[in-house]
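Q: Got a predicted structure here, sequence first:
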Amino acid sequence: MLKKKLKIIFAGSNEFSFAHLYSLFYSIHKIQAIIIKPDNIFYKKKENQYSNIKKFAIQHSIPILQTNNLNKKKFYLSIYKIRADLLIVSSYGSIIPDKILQLFPLGGINIHASLLPRWKGAAPVQWAILSGDDYTGMSVIKMTSKIDSGEIIYQLSCPIHITDNTITLCAKLIPISLQCMYQSLNILLTPHIKNRYSTKNIVETIAPKIKKTDAKICWSLPVIQIDRLIRAFILWPCCYFLINNICIKIKKASILSFKKKNFKNGEIINVSVTGIEVNTQKGVLNIEKIQIPGKKTLHIKQILNSNKKFFIKNTILK
């Protein structure tokens, strides 16, 4: 069991990383400071104007290091003065410079949501779903100046169900990632334990950042690929299509058939209270929940009750 109390600086940016910060704060270890990026304009428009990570830090009087330039001398000196043992990074989204990593006696570790070296990069969960992977996992690595390329300290796998989306898969990965994190801390403090992870049979793949334009549905794709897009982009940017020049976001859908139907791509072939059936290049997608601009997410049954003429059979979705 890990008994030494570590002084830690934590870097993160989203709800997934917040789970690690929260757990560490209530562990035996001491969070000396957190590194976050400048406030997103989205948060500034809200009453609670900060991310959960920043709000938690403020609430618990944890020093905040907030910058968009990790190479600034002022930032370097701030880290230097803290004299922490270890840097822990989870979904931070920027490369930590070597000169910063060298300030920590135990270096830095990165908690990454894939079985490295598969899906290096910014969006590993989304790309695992997009590619139809049967499983993914968590990796904790020693940080270097290269993206997700350090020595693997600890790994655990996690199955991907055919209905999993980014939300459900992240929920399954969080407890696994916490286990990986604490096991890695044990290993760091037990130098005689050797790395037992081999990546010889794992093909290196890249998981680049997702762009908003990636979410526009192309109905000439097979239904299985469209379904993966919807599940992968459920959080952001959320898949969408156009009807009457109105952008409609898809919040829930399912595959009805993998067979090619005698309809045009994007054509509505049936409308009922259970959903809107749309033909694709190969197979039929059933759209169950949508979001119209300025409205809440609604089930198709609710849409039909309020506006029966919005979706009409044989209409072509763009």
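A: Everything's here; your move. Numbering: from 1, shown residues only.

Q: now the strands: where do they sit in the stretch 1-150 of the chain?
A: Applying DSSP state E, counting those that start in this stretch to the stretch 1-150 of the chain gives strands spanning 7-12, 30-36, 64-66, 86-90, 108-112, 120-121, 135-142.

Q: Is residue 247 bridged to anything, and to what?
A: Beta bridges link residue 247 to residue 242, judged by DSSP bridges.

Q: buried stuff in stretch 272-281?
A: Buried residues in stretch 272-281, counting neighbours by 16 or more other C-beta atoms under 10 Å, are found at 275, 276, 277, 278, 279, 280. All C-beta spots, glycine's among them, are computed from the backbone N, C-alpha and C.

Q: Contact partners for the closest residue to the second one other than its chain neighbours?
A: Counting by C-beta to C-beta, 6 or more residues apart in numbering, residue 287 is the residue found nearest to residue 276 once chain neighbours are left out, at 4.4 Å. Each residue near residue 287 by C-beta atoms under 8 Å, 6 or more residues apart in numbering is listed here: 250, 252, 253, 275, 276, 277, 278, 300.

Q: try residue 237
A: Neighbouring residues of residue 237 by C-beta under 8 Å, 6+ apart: 210, 211, 212, 214, 215.

Q: Kindly report the same for residue 135.
A: By C-beta under 8 Å, 6+ apart, the neighbours of residue 135 are 115, 157, 158, 159, 160.

Q: need the strands of the stretch 1-150 of the chain in a markdown table with mean pLDDT and distance to residue 21, can you?
A: Putting the strands of the stretch 1-150 of the chain into a markdown table (pLDDT from 0 to 100; distance: least, C-beta to C-beta, whole Å) gives the following:
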| stretch | mean pLDDT | distance to residue 21 |
| --- | --- | --- |
| strand 7-12 | 97 | 5 |
| strand 30-36 | 97 | 7 |
| strand 64-66 | 95 | 12 |
| strand 86-90 | 97 | 8 |
| strand 108-112 | 97 | 11 |
| strand 120-121 | 94 | 22 |
| strand 135-142 | 96 | 15 |
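
Q: Ok, which of those comes nearest residue 268?
A: strand 135-142 (34.3 Å; C-beta to C-beta).

Q: Contacts for the helix or strand following that closest one next, please.
A: Next along the chain after strand 135-142, taking DSSP states H and E as the criterion, comes strand 152-159. With C-beta under 8 Å, 6+ apart as the test, strand 152-159 has contacts from 109, 115-116, 134-142, 169, 172-173, 176, 179-180, 183-184, 187-188, 195, 197, 199.

Q: One more: stretch 77-93?
A: 6-14, 16-17, 20-21, 24, 32-33, 35, 37, 63, 65, 96, 100-101, 103-111, 113, 122, 143, 177, 181, 185, 188.

Q: can you check stretch 163-176 too?
A: By C-beta under 8 Å, 6+ apart, stretch 163-176 touches 15-16, 19, 113, 125-126, 128-129, 136-138, 156, 158, 160-161, 230-235.

Q: again, but for stretch 242-251
A: Contacts of stretch 242-251 (C-beta under 8 Å, 6+ apart): 217, 230, 234, 238-241, 287, 289-293, 297, 310-311, 315, 317-318.

Q: for stretch 218-234, same thing?
A: Contacts for stretch 218-234 (C-beta under 8 Å, 6+ apart): 125-127, 129-132, 163-167, 210, 214-215, 217, 239, 241, 250-251, 253-255, 257-258, 265-266, 278-285, 317.

Q: of the residues you listed, buried ones?
A: For the contacts of stretch 218-234, buried by 16+ other C-beta under 10 Å: 125-127, 129-130, 164-166, 210, 214-215, 217, 239, 241, 250-251, 253, 255, 266, 278-280, 282-285, 317.

Q: So which of the residues you listed sit within strands?
A: Filtering the buried ones among the contacts of stretch 218-234 for membership in strands, criterion DSSP state E, returns 241, 250, 251, 253, 255, 278, 279, 284, 285.

Q: Thanks a lot, see you next time.
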